[in-house]
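Trainee: Here you go, sequence then predicted model.
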Amino acid sequence: MGKLMERKLKDYAVLMLKGMGMGAADVVPGVSGGTIAFIVGIYDELINSIKSINLESLKLFFSGKWATFWTKINGNFLFFLLAGIGISVFSLAKLITWLLVNQPILVWSFFFGLVLASTWFVSKDIKEWKSWKTWVAFVIGAVVAFYITVATPAETPSNLLFIFLCGVIAICAMILPGISGSFILVLLGKYFFIMDAVKTLDVVVIAVFGAGACIGITSFSRILSYALAHFRNITLAVLTGFMLGSLNKVWPWKEGVETFVDSHGEVKPLIETNILPNAHVPEAVVLMVVGFFLVYFLEKLSAKTPVR
């Protein structure tokens, strides 16, 4: 991983911008930060950097060999990427949330174009489309993602063990292109519970959820890294299927089927169904095209060199 540390200051600035893109995507239920990581060419490096946080590297840290530890985990990469994600979440979250409430069709249109383009560009990395295994993997990914988008949120317990498991599952979904970690929390019936814990600074719930997320992402990154190294085409086919299936969630025109009352007493949609275009069609089409060509621009701009 040595050559990955040879970045200049402007490279880290660009890396932070990529992190901001991931953070903005993670705020939107149905859109994955993993998708953004893939299209900007840092997905492999992200997975392998997370994977490097293991017992061996932690021994370096606790033995005081901090510089070696930092190099071992590709610390500069993770620091600037996480800084970008953090900046985006805290600065753009309110804006994107406001836009989702007040201009949902336009926001979803932009992300629909973005995810559609991402599906196309990731599929181009698959080298063996003639193999039946590739097509089976693609269909399985699409079906699973589609099912997730139409599943009904469950009634679940609020004990700490389940909160821990939610952290494990949600973070794994978050780094998968096409699968939204926040939407998984909605399905698990704990999205608003976790959001309330964050707003009220419930330290116990946040700590337990965070512990689950840490264990989940460090464990799952090893599986993903192995799959990308040894079964790259099949893995990419599954991920491409995930993105295609998730388009059902980001379809701009929706109709509320079931609602809930949030902590401020406002009625908001909980379950929605897709409908035919019925408003803001010209603007929506323009934003879809903008989202599509933004991905095209990022894909051309990024040096997509996989980390092996």
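Mentor: Great, that's in hand.
Trainee: Show the residue spans covered by the strands in the protein.
Mentor: Taking DSSP state E as the criterion, the chain carries its strands at 254-261, 267-274.
Trainee: Low-confidence ranges, the stretch 1-150 of the chain, go.
Mentor: For the stretch 1-150 of the chain, residues meeting the criterion pLDDT under 70 lie at 1-6, 29-30, 93-94.
Trainee: How are the helices of it distributed by residue range?
Mentor: 9-27, 33-39, 43-51, 55-62, 66-72, 75-102, 104-123, 132-150 (DSSP state H, counting those that start in this stretch).
Trainee: tell me what the fifth one is packed against?
Mentor: Which is helix 66-72. helix 55-62 (3 or more CB pairs under 8 Å, 6 or more residues apart in numbering; DSSP states H and E). The C-beta positions use only the backbone N, C-alpha and C, and glycine is treated the same way.
Trainee: Now the helix it packs on: buried residues?
Mentor: Buried residues in helix 55-62, counted by 16 or more other CB atoms under 10 Å: 57, 60.
Trainee: Which residues lie in contact with the closest residue to Val122 other than its chain neighbours in this structure?
Mentor: Using CB to CB, 6 or more residues apart in numbering and skipping the chain neighbours, the partner closest in space to Val122 is Thr240 (5.1 Å). The contact partners of Thr240, by CB atoms under 8 Å, 6 or more residues apart in numbering, come to 119, 122-123, 126, 138, 141, 178.
Trainee: Could you rerun that using 7 Å?
Mentor: The contact partners of Thr240, by CB atoms under 7 Å, 6 or more residues apart in numbering, come to 119, 122-123, 126, 138, 141.
Trainee: And for Gly84?
Mentor: Contacts of Gly84 (CB under 7 Å, 6+ apart): 16-20, 23.
Trainee: Of the residues you listed, just the buried ones, PyMOL syntax please.
Mentor: This is the PyMOL syntax for the buried subset of the contacts of Gly84, where burial follows 16+ other CB under 10 Å:
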select buried, resi 16+18+19+20+23
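Trainee: measure the residue nearest to Val122 to Ala142 for me?
Mentor: 8 Å (CB to CB, to the nearest Å).
Trainee: How about Gly291?
Mentor: Taken as CB to CB, the span from Gly291 to Ala142 is 20 Å.
Trainee: just Gly34 next, same as before
Mentor: Separation of Gly34 from Ala142 (CB to CB) stands at 16 Å.
Trainee: Of those two, give the one with the bigger neighbour count.
Mentor: Gly34 (29 against 23; other CB atoms under 10 Å).
Trainee: Now do the same for the closest residue to Ala227 other than its chain neighbours: its pLDDT.
Mentor: Leaving aside its sequence neighbours, Ala227 sits nearest to Thr235 (CB to CB, 6+ apart; 4.3 Å). pLDDT for Thr235: 88.
Trainee: Nice, that's everything, thank you.
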